[in-house]
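# task: produce atomic coordinates for the following.
(chains A and B)
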Amino acid sequence: MIRHLLSAGDLSLDDATLVLDTAEEMARLTEGRSVKKLPTLRGRTVVNLFFEDSTRTRTSFELAAKRLSADVVNFSAKGSSLSKGESLKDTALTLEAMGADGVVVRHSASGAPYRLATSGWINACVLNAGDGTHEHPTQALLDAFTMRRHLGELSGKRIVIVGDVLHSRVARSNVALLATLGAKVTLVAPPTLLPTGVERWPCDVSYDLDAALSGADAVMMLRVQRERMNAAFFPSAREYSRRYGLDSRRQALMPAEALVLHPGPMNRGMEITAEVADSDRSVIVEQVTNGVYVRMAVLYLMLAGTTEEAA
Amino acid sequence: MSRDLNGSREVLDGDDVARALTRMAHEVVERNKGAADLVILGIPKRGVPLAQRLGARISAAEGVDVPVGALDVTMYRDDLRLRPARALERTDIPPGGVDDKIVVLVDDVLFSGRTIRAALTALDDVGRPRAVRLVVLVDRGHRQLPIRADHVGKNIPTSLAESVHALVSEVDGRDGVVLAQAADQPRSDAEALP
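As a prediction, the model looks like this:
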């Protein structure tokens, strides 16, 4: 298993399968149990270092660490020295002095977790919980876990990812992980919301949502990230949702068993209508539940054993 | 995972294993005065198929369906930090749970006793059985904790330089118990570690 989880692309097929299988056992161990707690990480400290707002990811990591009996410390930008302009390095040195074993980091700058992991400032394992427009590996793992629970092994499955790919770390991580798992990914987005170099990604690109939907095993809608948009990427919200939003008409084009995913938070009425989000093929709420299992698996695999490679 | 058995000596063959399981099945029933409230839990990897066979024998002898499951102890081990994290095995608690039941733990080789200690802790998080009993195919001695088995297939006195490996057909292709010099064998098994 890798020492830091910085990018979904760092995971080999064996690593990714190990995480998903471990998450499956975590689910079995906690679902329907009176004591939803395992002693595995007793005495280990996990620091949630969130330079950017987050509800579900931070809560999910916190719950996962607590279910494994780790001690959890939350740092968020608001209400800490981070808002006083402390540098990443000084924050890292503080964490090291406090003896953190694992650092879960979210930062608005792409590459911040990489800097933290490779700078030598800290010895802790670094888990990327979303960095800028770069990657969000545990989200990709929980999406893959959710799809695998419904569709079986993902090799050969057709997954359509729709929307703001340019700003989406979720899309980037998903494309990398799904390619490793052998799924066929199609990105659908307006040309303005596709990153340069997308033609070198291991996936297909299309501008026509209706055509991509037939034959899809799962459709993942991305949030339109208005907070990262400093230019006009599409003429109007209405036009966007007409051409790239998932509504009941489009859902009817999908095969009957195809899943609808969304990493949240949703803009209802924008990229997805309420009807579709609440339909019985939507697994959006389940994604949140599965996020805890996947993060338990990742924390277990990265923090439970010795950090030396020798067996 | 099959085992490389060069330089090893067979101490129980397939028939011996079958006879030991049959005897222990009857012992469990005799001790329990019937099959009422029994829940058989195997400890992965090789305790699970042994538990299934023990359960089948008890069910056949008593004419009732005895619930059989699996209890993975990986996350409860005391040596987790000494080695890289390992893949988890399947835990499968029968639908009736273990509360107020007589839980029979089944493992292949009893050695240091640490696996069983971990199993008892794991069981704590599942529920509160009325009693817990332990069935092992082989007791090789060298306990490091005050733990003993209620029913033993065979006591095999060993030196610490030796390793004992149970084979079950579901995992290894055949049944048996072999004794080898520890140096000849990769110590892949949890219970094989001192």
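# with adjacent residues omitted, what lies nearest to the one residue in chain A that gets nearest to chain B?
Here chain A gets closest to chain B at one residue, A:Gly305, 3.6 Å apart by Cβ to the nearest Cβ. For every residue, glycine as well, the C-beta is placed using N, CA and C. Nearest residue to A:Gly305, sequence neighbours excluded (Cβ to Cβ, 6 or more residues apart in numbering or on different chains): B:Ala85, at 3.6 Å.
# then B:Glu162?
Spatial nearest neighbour of B:Glu162, excluding adjacent residues (Cβ to Cβ, 6+ apart): B:Leu179 at 5.7 Å.
# could you do A:Ser69 as well?
Closest to A:Ser69 by Cβ to Cβ, 6+ apart is A:Arg42, at 4.4 Å.
# sorry, back to before: SS state for the residue nearest to B:Glu162?
What DSSP: H, G, I helix; E, B strand; the rest coil gives for B:Leu179 is strand.
# quick check: it vs chain A, distance?
24 Å (Cβ to the nearest Cβ, to the nearest Å).
# is that residue in a bridge, and if so with what?
With DSSP bridges as the criterion, B:Leu179 is bridged to B:Arg9, B:Val164.
# now do it, the pLDDT please.
The model reports B:Leu179 with a pLDDT of 94.
# and it, what does it touch?
B:Ser8, B:Arg9, B:Glu10, B:Val11, B:Ile156, B:Thr158, B:Glu162, B:Ser163, B:Val164 (Cβ atoms under 8 Å, 6 or more residues apart in numbering or on different chains).
# quick one: name the residues of chain B near chain A.
Neighbours of chain A within chain B, by Cβ under 8 Å from any Cβ of the partner chain: B:72, B:75-76, B:80-92, B:121, B:124-127.
# just the buried ones from these?
Among the residues of chain B next to chain A, those scoring as buried are B:72, B:75-76, B:80, B:83-86, B:88-89, B:91, B:125-127 (criterion: 16 or more other Cβ atoms under 10 Å in any protein chain shown).
# export these to a markdown table and tack on secondary structure and pLDDT?
Below are those laid out as a markdown table (DSSP: H, G, I helix; E, B strand; the rest coil; pLDDT from 0 to 100):
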| residue | secondary structure | pLDDT |
| --- | --- | --- |
| B:Asp72 | coil | 95 |
| B:Met75 | helix | 93 |
| B:Tyr76 | helix | 94 |
| B:Leu80 | helix | 89 |
| B:Arg83 | coil | 86 |
| B:Pro84 | coil | 86 |
| B:Ala85 | coil | 87 |
| B:Arg86 | coil | 87 |
| B:Leu88 | coil | 94 |
| B:Glu89 | coil | 94 |
| B:Thr91 | coil | 93 |
| B:Asp125 | helix | 90 |
| B:Val126 | helix | 92 |
| B:Gly127 | coil | 92 |
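# now, the most widely separated pair of these?
Farthest apart among those by Cβ to Cβ are B:Pro84 and B:Gly127. That separation is 31.1 Å.
# wait, a helix at A:Arg115?
Yes. Under three-state DSSP, A:Arg115 falls within a helix.
# now it: closest residue in space, sequence neighbours ignored.
Distances taken as Cβ to Cβ, 6+ apart place A:Leu88 nearest to A:Arg115, at 6.6 Å, with adjacent residues excluded.
# neighbours around that neighbour, how many?
A:Leu88: 19 surrounding residues under other Cβ atoms under 10 Å in any protein chain shown.
# please apply the same query to B:Val164.
Neighbour tally, B:Val164, other Cβ under 10 Å: 25.
# I'd say it and B:Pro157 touch.
No. The pair B:Val164 / B:Pro157 is not scored as a contact, 10.6 Å apart, by Cβ atoms under 8 Å.
# joint contacts of those two?
Between them, B:Val164 and B:Pro157 share the contacting residues B:Arg140, judged by Cβ under 8 Å, 6+ apart.
# can you count the residues close to the residue nearest to A:Ser69?
By other Cβ under 10 Å, 11 other residues sit near A:Arg42.
# phi, psi for it please.
Per-residue torsions, A:Arg42: phi -60, psi 130 (degrees, to the nearest 10).
# swap in A:Asp278?
Backbone torsions for A:Asp278, taken as degrees, to the nearest 10, come to phi -100, psi 10.
# residue ranges with poor pLDDT in the chain?
Since no chain was named, I'll use chain A. A:79, A:230-231, A:307-311 (pLDDT under 70).
# the intended chain is chain B.
B:1-6, B:183-194.
# what ranges do the strands span in it?
With DSSP state E as the criterion, chain B has strands at B:8-12, B:38-42, B:68-70, B:102-110, B:131-139, B:151-155, B:162-167, B:176-181.
# how about the stretch 51-200 of chain A?
A:71-76, A:102-107, A:125-131, A:158-162, A:184-188 (DSSP state E, counting those that start in this stretch).
# can I get those in JSON lines with mean neighbour count?
Converted to JSON lines, the strands of the stretch 51-200 of chain A look like this (neighbours: other Cβ atoms under 10 Å in any protein chain shown):
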{"stretch": "strand A:71-76", "mean neighbour count": "17"}
{"stretch": "strand A:102-107", "mean neighbour count": "27"}
{"stretch": "strand A:125-131", "mean neighbour count": "26"}
{"stretch": "strand A:158-162", "mean neighbour count": "25"}
{"stretch": "strand A:184-188", "mean neighbour count": "23"}
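# close enough to count as contact, A:Ser7 and A:Asn174?
No. A:Ser7 lies out of contact with A:Asn174 (Cβ under 8 Å); the separation is 11.9 Å.
# and these two? Which one has more around it.
A:Asn174 (32 against 22).
# before we move on, back to that, next, the residue of chain A closest to chain B: secondary structure please.
Assignment for A:Gly305 (three-state DSSP): coil.
# test my guess that it contacts B:Arg86.
Yes. A:Gly305 lies in contact with B:Arg86 (Cβ under 8 Å); the separation is 7.2 Å.
# just to revisit the earlier point, quick check: the residue nearest to B:Glu162 vs B:Gly173, distance?
Using Cβ to Cβ, to the nearest Å, B:Leu179 is found at 19 Å from B:Gly173.
# same check, this time on A:Asp247
56 Å.
# more crowded one of those two?
Set side by side, A:Asp247 and B:Gly173 show more neighbours around A:Asp247, with 15 against 10, by other Cβ under 10 Å.
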